[in-house]
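*Asks:* Need a 3D model of the sequence below.
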Amino acid sequence: MKSLFTTLLLGLTLAFYVSGSVLNAQSLDTAFDRFAQIYQQELGSTQGCQEPKLQEFAVCSSALRGDGNAPYILHHGKPTDKVIVLFHGLSDSPFFLRSIAGAFHLEGYNVVVALLPGHGLLNADADMQDSELANRWRKRVADISELAINLGDSKYIGGFSTGGALATEYVLKQPGEYKGLLLFSGALRLDSTVETLANVWGMRWVAKLMDGDYQTAGRNPVKYPKVSTYAALQLVDVISSVREKIKQKSVLNLPIFVAHSQADATTLIQGVKDLMAANQGQNKFFEIPLSENVCHADLVISDTQLQDMHYDMSNLGEVEACSVPQANPLHTAMIAAAITYLNEN
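*Replies:* Next comes the predicted model:
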(Lines give C-alpha, C1' and ligand atoms only; values in the text may rest on other atoms or scores of the structure.)
Protein backbone atom coordinates (compact mmCIF):
# COMPACT_ATOMS: atom_id res chain seq x y z
CA MET A 1 0.00 0.00 0.00
CA LYS A 2 2.85 2.34 0.92
CA SER A 3 4.54 1.58 -2.40
CA LEU A 4 1.35 2.30 -4.31
CA PHE A 5 0.86 5.59 -2.41
CA THR A 6 4.45 6.63 -3.14
CA THR A 7 4.01 5.82 -6.83
CA LEU A 8 0.80 7.86 -7.04
CA LEU A 9 2.43 10.77 -5.22
CA LEU A 10 5.41 10.74 -7.55
CA GLY A 11 3.10 10.56 -10.55
CA LEU A 12 1.03 13.52 -9.39
CA THR A 13 4.18 15.51 -8.61
CA LEU A 14 5.59 14.77 -12.07
CA ALA A 15 2.30 15.67 -13.75
CA PHE A 16 2.15 18.95 -11.83
CA TYR A 17 5.76 19.73 -12.76
CA VAL A 18 5.24 18.92 -16.44
CA SER A 19 1.98 20.88 -16.52
CA GLY A 20 3.69 23.89 -14.95
CA SER A 21 6.59 23.64 -17.38
CA VAL A 22 4.21 23.54 -20.34
CA LEU A 23 2.30 26.57 -19.05
CA ASN A 24 5.59 28.45 -18.53
CA ALA A 25 6.74 27.60 -22.05
CA GLN A 26 3.40 28.68 -23.50
CA SER A 27 3.57 31.97 -21.61
CA LEU A 28 7.01 32.74 -23.02
CA ASP A 29 6.04 31.62 -26.52
CA THR A 30 3.08 34.01 -26.40
CA ALA A 31 5.40 36.89 -25.53
CA PHE A 32 7.99 35.90 -28.15
CA ASP A 33 5.36 35.55 -30.89
CA ARG A 34 3.88 38.96 -30.14
CA PHE A 35 7.35 40.55 -29.92
CA ALA A 36 8.28 39.13 -33.34
CA GLN A 37 4.93 40.13 -34.82
CA ILE A 38 5.36 43.76 -33.76
CA TYR A 39 8.64 44.03 -35.66
CA GLN A 40 7.51 42.01 -38.66
CA GLN A 41 4.72 44.55 -39.13
CA GLU A 42 7.10 47.48 -38.79
CA LEU A 43 10.18 46.23 -40.64
CA GLY A 44 8.44 44.25 -43.38
CA SER A 45 10.45 41.11 -42.80
CA THR A 46 12.60 39.55 -40.10
CA GLN A 47 15.31 36.93 -40.08
CA GLY A 48 17.57 34.95 -37.79
CA CYS A 49 20.43 36.86 -36.21
CA GLN A 50 23.98 36.08 -37.35
CA GLU A 51 25.17 35.27 -33.83
CA PRO A 52 22.24 33.93 -31.77
CA LYS A 53 22.83 33.88 -28.02
CA LEU A 54 21.62 31.55 -25.29
CA GLN A 55 18.65 32.81 -23.27
CA GLU A 56 18.05 35.60 -25.78
CA PHE A 57 15.19 36.05 -28.20
CA ALA A 58 16.19 38.72 -30.73
CA VAL A 59 14.41 39.98 -33.84
CA CYS A 60 16.85 40.80 -36.65
CA SER A 61 16.02 42.18 -40.08
CA SER A 62 17.67 43.23 -43.33
CA ALA A 63 15.93 46.59 -42.83
CA LEU A 64 18.17 47.28 -39.83
CA ARG A 65 21.71 48.69 -39.99
CA GLY A 66 22.93 45.49 -38.36
CA ASP A 67 22.09 42.96 -35.67
CA GLY A 68 23.41 45.31 -32.99
CA ASN A 69 20.32 47.45 -33.57
CA ALA A 70 17.87 44.59 -33.02
CA PRO A 71 15.32 44.42 -30.18
CA TYR A 72 15.71 41.49 -27.78
CA ILE A 73 14.37 39.64 -24.76
CA LEU A 74 16.77 38.16 -22.21
CA HIS A 75 14.95 35.29 -20.52
CA HIS A 76 15.28 32.28 -18.22
CA GLY A 77 12.97 29.91 -20.06
CA LYS A 78 10.10 30.73 -17.71
CA PRO A 79 8.34 33.73 -16.17
CA THR A 80 10.33 35.32 -13.34
CA ASP A 81 9.10 37.12 -10.26
CA LYS A 82 10.07 40.43 -11.87
CA VAL A 83 10.30 41.48 -15.50
CA ILE A 84 12.03 44.71 -16.57
CA VAL A 85 10.99 46.58 -19.74
CA LEU A 86 13.52 49.06 -21.18
CA PHE A 87 13.52 51.60 -24.01
CA HIS A 88 16.51 53.29 -25.66
CA GLY A 89 17.15 56.91 -26.54
CA LEU A 90 16.71 59.19 -29.54
CA SER A 91 18.94 58.29 -32.53
CA ASP A 92 20.39 55.17 -30.89
CA SER A 93 19.31 51.53 -30.43
CA PRO A 94 18.76 48.67 -27.94
CA PHE A 95 22.54 48.13 -27.96
CA PHE A 96 22.96 51.00 -25.50
CA LEU A 97 21.04 49.05 -22.85
CA ARG A 98 23.08 45.85 -23.24
CA SER A 99 25.11 46.12 -20.04
CA ILE A 100 22.14 47.20 -17.93
CA ALA A 101 19.83 44.51 -19.32
CA GLY A 102 22.55 41.88 -18.99
CA ALA A 103 23.13 42.73 -15.33
CA PHE A 104 19.42 42.50 -14.55
CA HIS A 105 19.23 39.17 -16.38
CA LEU A 106 22.10 37.79 -14.31
CA GLU A 107 20.10 38.69 -11.21
CA GLY A 108 17.43 36.25 -12.37
CA TYR A 109 14.99 38.62 -14.08
CA ASN A 110 13.53 38.49 -17.58
CA VAL A 111 14.34 41.70 -19.47
CA VAL A 112 12.69 43.17 -22.58
CA VAL A 113 14.64 45.75 -24.60
CA ALA A 114 12.49 47.22 -27.34
CA LEU A 115 13.37 49.07 -30.56
CA LEU A 116 11.47 52.34 -30.94
CA PRO A 117 9.94 53.22 -34.35
CA GLY A 118 12.30 55.11 -36.65
CA HIS A 119 15.46 53.70 -35.10
CA GLY A 120 18.19 51.29 -36.10
CA LEU A 121 17.18 51.52 -39.76
CA LEU A 122 19.16 51.60 -42.97
CA ASN A 123 16.73 54.25 -44.19
CA ALA A 124 14.99 56.35 -41.55
CA ASP A 125 14.20 59.55 -43.48
CA ALA A 126 10.43 58.99 -43.72
CA ASP A 127 10.16 57.92 -40.09
CA MET A 128 12.13 60.86 -38.77
CA GLN A 129 9.76 63.24 -40.57
CA ASP A 130 6.57 61.46 -39.50
CA SER A 131 4.19 63.79 -37.65
CA GLU A 132 2.91 60.73 -35.75
CA LEU A 133 6.35 59.58 -34.61
CA ALA A 134 5.80 60.39 -30.91
CA ASN A 135 2.46 58.59 -30.97
CA ARG A 136 4.12 55.60 -32.61
CA TRP A 137 6.66 55.59 -29.78
CA ARG A 138 3.80 55.66 -27.28
CA LYS A 139 2.06 52.77 -28.97
CA ARG A 140 5.29 50.77 -28.91
CA VAL A 141 5.55 51.30 -25.15
CA ALA A 142 1.94 50.17 -24.72
CA ASP A 143 2.37 47.09 -26.94
CA ILE A 144 5.56 45.97 -25.19
CA SER A 145 3.94 46.57 -21.80
CA GLU A 146 1.06 44.31 -22.79
CA LEU A 147 3.24 41.36 -23.80
CA ALA A 148 5.53 41.72 -20.76
CA ILE A 149 2.82 40.37 -18.46
CA ASN A 150 3.62 36.91 -19.85
CA LEU A 151 7.24 37.20 -18.71
CA GLY A 152 6.96 37.99 -15.01
CA ASP A 153 4.72 38.59 -12.01
CA SER A 154 5.73 42.19 -11.29
CA LYS A 155 6.58 44.63 -14.06
CA TYR A 156 9.20 47.39 -13.92
CA ILE A 157 9.68 49.94 -16.70
CA GLY A 158 12.48 52.31 -17.58
CA GLY A 159 14.84 53.55 -20.19
CA PHE A 160 17.70 55.67 -21.35
CA SER A 161 17.14 59.32 -22.34
CA THR A 162 14.03 59.50 -24.58
CA GLY A 163 13.17 55.96 -23.51
CA GLY A 164 13.07 57.19 -19.93
CA ALA A 165 10.74 60.05 -20.85
CA LEU A 166 8.36 57.64 -22.59
CA ALA A 167 8.44 55.26 -19.63
CA THR A 168 7.67 58.13 -17.25
CA GLU A 169 4.76 59.34 -19.36
CA TYR A 170 3.37 55.80 -19.46
CA VAL A 171 3.40 55.26 -15.68
CA LEU A 172 1.71 58.61 -15.21
CA LYS A 173 -1.03 57.58 -17.64
CA GLN A 174 -1.32 54.03 -16.30
CA PRO A 175 -0.75 54.24 -12.53
CA GLY A 176 -0.54 50.88 -10.82
CA GLU A 177 0.48 48.83 -13.84
CA TYR A 178 4.20 48.97 -13.05
CA LYS A 179 5.87 48.40 -9.70
CA GLY A 180 8.81 50.69 -10.36
CA LEU A 181 10.51 53.12 -12.75
CA LEU A 182 14.20 53.21 -13.74
CA LEU A 183 15.68 56.25 -15.50
CA PHE A 184 19.16 56.47 -17.01
CA SER A 185 19.94 60.00 -18.26
CA GLY A 186 16.18 60.49 -18.32
CA ALA A 187 15.15 63.11 -20.88
CA LEU A 188 12.76 65.15 -18.74
CA ARG A 189 14.35 68.56 -19.37
CA LEU A 190 16.28 69.85 -22.37
CA ASP A 191 18.14 73.09 -22.94
CA SER A 192 15.68 75.99 -22.57
CA THR A 193 16.46 77.19 -26.10
CA VAL A 194 15.42 73.85 -27.59
CA GLU A 195 12.21 73.72 -25.58
CA THR A 196 11.33 77.31 -26.48
CA LEU A 197 11.91 76.74 -30.21
CA ALA A 198 9.61 73.72 -30.09
CA ASN A 199 6.70 76.06 -29.37
CA VAL A 200 7.44 78.51 -32.19
CA TRP A 201 4.89 78.38 -35.01
CA GLY A 202 6.28 76.72 -38.14
CA MET A 203 9.35 75.34 -36.36
CA ARG A 204 8.49 71.75 -37.26
CA TRP A 205 8.46 72.65 -40.94
CA VAL A 206 11.82 74.40 -40.50
CA ALA A 207 13.15 71.34 -38.64
CA LYS A 208 12.35 69.09 -41.59
CA LEU A 209 14.27 71.44 -43.88
CA MET A 210 17.20 71.44 -41.47
CA ASP A 211 17.27 67.64 -41.33
CA GLY A 212 17.17 67.34 -45.12
CA ASP A 213 17.60 63.78 -46.34
CA TYR A 214 18.21 62.17 -42.95
CA GLN A 215 21.37 60.09 -42.98
CA THR A 216 21.75 56.94 -40.88
CA ALA A 217 25.26 55.76 -41.86
CA GLY A 218 28.18 56.98 -39.79
CA ARG A 219 31.06 56.04 -37.55
CA ASN A 220 28.84 54.33 -34.99
CA PRO A 221 27.03 51.20 -36.32
CA VAL A 222 24.47 51.27 -33.48
CA LYS A 223 23.64 54.99 -33.47
CA TYR A 224 22.72 57.55 -36.12
CA PRO A 225 25.36 60.25 -36.84
CA LYS A 226 23.12 63.02 -35.53
CA VAL A 227 19.81 63.55 -33.77
CA SER A 228 16.93 64.43 -36.06
CA THR A 229 15.81 67.97 -35.23
CA TYR A 230 12.23 67.10 -36.10
CA ALA A 231 12.28 63.98 -33.88
CA ALA A 232 13.75 66.07 -31.04
CA LEU A 233 10.71 68.35 -31.25
CA GLN A 234 8.53 65.24 -30.95
CA LEU A 235 10.46 64.42 -27.77
CA VAL A 236 9.65 67.89 -26.41
CA ASP A 237 5.96 66.98 -26.80
CA VAL A 238 6.51 63.92 -24.59
CA ILE A 239 8.40 65.98 -21.99
CA SER A 240 5.62 68.60 -21.99
CA SER A 241 3.07 65.83 -21.46
CA VAL A 242 5.01 64.57 -18.42
CA ARG A 243 5.19 68.06 -16.93
CA GLU A 244 1.50 68.70 -17.51
CA LYS A 245 0.53 65.49 -15.75
CA ILE A 246 2.75 66.34 -12.79
CA LYS A 247 1.24 69.82 -12.70
CA GLN A 248 -2.24 68.26 -12.67
CA LYS A 249 -1.18 66.36 -9.55
CA SER A 250 -1.32 63.01 -11.33
CA VAL A 251 -0.60 60.38 -8.71
CA LEU A 252 2.99 59.20 -8.87
CA ASN A 253 3.59 56.84 -6.01
CA LEU A 254 6.14 54.18 -6.80
CA PRO A 255 9.82 53.49 -6.16
CA ILE A 256 11.99 55.30 -8.70
CA PHE A 257 15.65 54.69 -9.54
CA VAL A 258 17.48 57.56 -11.24
CA ALA A 259 21.02 57.63 -12.61
CA HIS A 260 22.12 60.99 -14.01
CA SER A 261 25.32 62.93 -14.54
CA GLN A 262 25.71 66.50 -13.33
CA ALA A 263 27.79 67.07 -16.48
CA ASP A 264 24.92 66.06 -18.78
CA ALA A 265 24.38 69.04 -21.09
CA THR A 266 21.85 67.21 -23.29
CA THR A 267 19.19 66.27 -20.75
CA LEU A 268 19.48 68.56 -17.77
CA ILE A 269 19.52 66.97 -14.33
CA GLN A 270 16.83 69.30 -12.99
CA GLY A 271 14.24 67.36 -14.97
CA VAL A 272 14.69 64.14 -13.01
CA LYS A 273 14.97 66.10 -9.76
CA ASP A 274 11.58 67.68 -10.43
CA LEU A 275 10.10 64.22 -11.03
CA MET A 276 11.52 62.83 -7.78
CA ALA A 277 10.19 65.85 -5.88
CA ALA A 278 6.69 65.06 -7.20
CA ASN A 279 6.95 61.35 -6.42
CA GLN A 280 5.16 60.12 -3.30
CA GLY A 281 7.16 56.89 -3.35
CA GLN A 282 10.78 56.23 -2.47
CA ASN A 283 13.54 57.65 -4.71
CA LYS A 284 16.99 56.14 -5.17
CA PHE A 285 19.31 58.65 -6.86
CA PHE A 286 22.69 57.70 -8.32
CA GLU A 287 24.07 61.16 -9.05
CA ILE A 288 27.39 61.29 -10.89
CA PRO A 289 29.49 64.30 -9.83
CA LEU A 290 30.46 67.03 -12.26
CA SER A 291 34.11 66.18 -11.68
CA GLU A 292 33.65 62.80 -13.43
CA ASN A 293 32.64 64.64 -16.63
CA VAL A 294 30.32 61.85 -17.80
CA CYS A 295 28.50 62.89 -20.98
CA HIS A 296 24.83 62.17 -21.59
CA ALA A 297 25.16 59.11 -23.85
CA ASP A 298 28.17 57.72 -21.99
CA LEU A 299 26.28 57.09 -18.76
CA VAL A 300 25.01 53.70 -19.97
CA ILE A 301 28.25 52.55 -21.63
CA SER A 302 30.55 50.00 -19.99
CA ASP A 303 34.12 49.18 -21.04
CA THR A 304 32.90 45.98 -22.72
CA GLN A 305 30.16 47.83 -24.58
CA LEU A 306 32.64 50.40 -25.80
CA GLN A 307 34.72 47.63 -27.37
CA ASP A 308 31.67 45.86 -28.81
CA MET A 309 30.39 49.11 -30.32
CA HIS A 310 33.14 49.10 -32.97
CA TYR A 311 33.08 52.86 -33.30
CA ASP A 312 35.21 53.96 -36.26
CA MET A 313 38.07 55.97 -34.76
CA SER A 314 40.01 56.40 -38.00
CA ASN A 315 40.88 59.90 -39.22
CA LEU A 316 38.92 61.62 -36.49
CA GLY A 317 40.89 64.86 -36.37
CA GLU A 318 39.66 67.47 -33.91
CA VAL A 319 36.40 66.43 -32.24
CA GLU A 320 33.80 68.20 -30.13
CA ALA A 321 33.28 67.26 -26.50
CA CYS A 322 31.02 64.21 -26.02
CA SER A 323 31.04 63.39 -29.74
CA VAL A 324 33.18 60.26 -29.32
CA PRO A 325 31.77 57.57 -26.99
CA GLN A 326 33.54 56.86 -23.70
CA ALA A 327 32.82 54.34 -20.94
CA ASN A 328 31.23 55.60 -17.74
CA PRO A 329 33.94 55.23 -15.03
CA LEU A 330 31.20 54.68 -12.42
CA HIS A 331 29.25 52.19 -14.53
CA THR A 332 29.83 49.22 -12.17
CA ALA A 333 28.71 51.21 -9.13
CA MET A 334 25.67 52.49 -11.02
CA ILE A 335 24.61 48.95 -11.97
CA ALA A 336 25.09 47.79 -8.39
CA ALA A 337 22.83 50.60 -7.16
CA ALA A 338 20.16 49.71 -9.73
CA ILE A 339 20.25 46.03 -8.72
CA THR A 340 19.95 46.98 -5.03
CA TYR A 341 16.89 49.06 -5.94
CA LEU A 342 15.27 46.13 -7.76
CA ASN A 343 16.03 43.66 -4.98
CA GLU A 344 14.62 46.00 -2.35
CA ASN A 345 11.44 46.76 -4.27
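*Asks:* Find the helix or strand that residue 312 is a member of.
*Replies:* Using DSSP states H and E, residue 312 maps to neither a helix nor a strand.
*Asks:* Now the residue most central in space within the chain: closest residue in space, sequence neighbours ignored.
*Replies:* The centroid of the chain falls nearest to residue 87 when counting by C-alpha atoms, centre = their mean (1.7 Å). Closest residue to residue 87 apart from its sequence neighbours, by C-beta to C-beta, 6 or more residues apart in numbering: residue 163 at 3.0 Å. From N, CA and C alone the C-beta is placed, and that goes for glycine too.
*Asks:* doesn't the one you found fall inside a helix?
*Replies:* Yes - using DSSP: H, G, I helix; E, B strand; the rest coil, the assignment for residue 163 is a helix.
*Asks:* Which residues are in contact with it?
*Replies:* 86, 87, 88, 89, 97, 116 (C-beta atoms under 8 Å, 6 or more residues apart in numbering).
*Asks:* Got the phi and psi for the first one?
*Replies:* Here the main-chain torsion angles of residue 86 (degrees, to the nearest 10) amount to phi -130, psi 150.
*Asks:* and it, how many neighbours does it have?
*Replies:* Burial of residue 86 is recorded as 25 neighbouring residues (other C-beta atoms under 10 Å).
*Asks:* Residue 284 versus that one, what's the distance?
*Replies:* Per C-beta to C-beta, to the nearest Å, residue 86 is found 17 Å from residue 284.
*Asks:* now residue 311
*Replies:* The gap separating residue 311 from residue 284 is 31 Å, by C-beta to C-beta.
*Asks:* More neighbours: the two, which one.
*Replies:* Neighbour totals were compared for residue 311 and residue 284, and residue 284 leads with 19 against 16 (other C-beta under 10 Å).
*Asks:* Quick one: residues contacting that one.
*Replies:* 255, 256, 257, 258, 337, 340, 341.
*Asks:* hang on, the earlier thing: make a markdown table out of the contacts of residue 163 and add pLDDT.
*Replies:* Converted to a markdown table, the contacts of residue 163 look like this (pLDDT from 0 to 100):
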| residue | pLDDT |
| --- | --- |
| 86 | 98 |
| 87 | 98 |
| 88 | 98 |
| 89 | 97 |
| 97 | 98 |
| 116 | 98 |
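*Asks:* Pull the number of nearby residues for residue 344.
*Replies:* By the criterion of other C-beta under 10 Å, residue 344 has 11 neighbours.
*Asks:* again with residue 319
*Replies:* For residue 319, the neighbour count with other C-beta under 10 Å is 9.
*Asks:* cool, and residue 296?
*Replies:* Using other C-beta under 10 Å, residue 296 has 20 neighbouring residues.
*Asks:* Ok, the one 5 residues further on next?
*Replies:* Other residues within reach of residue 301, judged by other C-beta under 10 Å, total 22.
*Asks:* Spell out the residue ranges of the helices in the chain.
*Replies:* 2-43, 98-106, 133-148, 162-173, 192-197, 203-211, 229-247, 270-278, 303-309, 331-344 (DSSP state H).
*Asks:* Tell me which of the ones you listed sits nearest to residue 123.
*Replies:* Nearest to residue 123, of all the helices of the chain, is helix 2-43, at 11.3 Å by C-beta to C-beta.
*Asks:* shaky segments in the chain?
*Replies:* 1-23, 250 (pLDDT under 70).
*Asks:* Endpoints of stretch 43-60, how far apart?
*Replies:* With C-alpha to C-alpha, to the nearest Å as the measure, the ends of stretch 43-60 fall 9 Å from one another.
*Asks:* again, but for stretch 47-56
*Replies:* 15 Å.
*Asks:* Which residues belonging to it are considered buried?
*Replies:* 49, 56 (16 or more other C-beta atoms under 10 Å).
*Asks:* Identify the residues contacting that stretch?
*Replies:* For stretch 47-56, contacts defined as C-beta under 8 Å, 6+ apart pick out 58, 60-62, 67, 70, 72-77, 105.
*Asks:* ok, residue 152 to residue 80 distance?
*Replies:* With C-beta to C-beta as the criterion, residue 152 and residue 80 are 5 Å apart.
*Asks:* if you count what's nearby, which of these two comes out ahead?
*Replies:* Taking other C-beta under 10 Å, residue 152 and residue 80 do not tie; residue 152 has more neighbours (25 against 19).
*Asks:* For that one, which non-adjacent residue is closest in space?
*Replies:* Distance criterion C-beta to C-beta, 6+ apart; nearest residue to residue 152, sequence neighbours excluded, is residue 83 at 2.8 Å.
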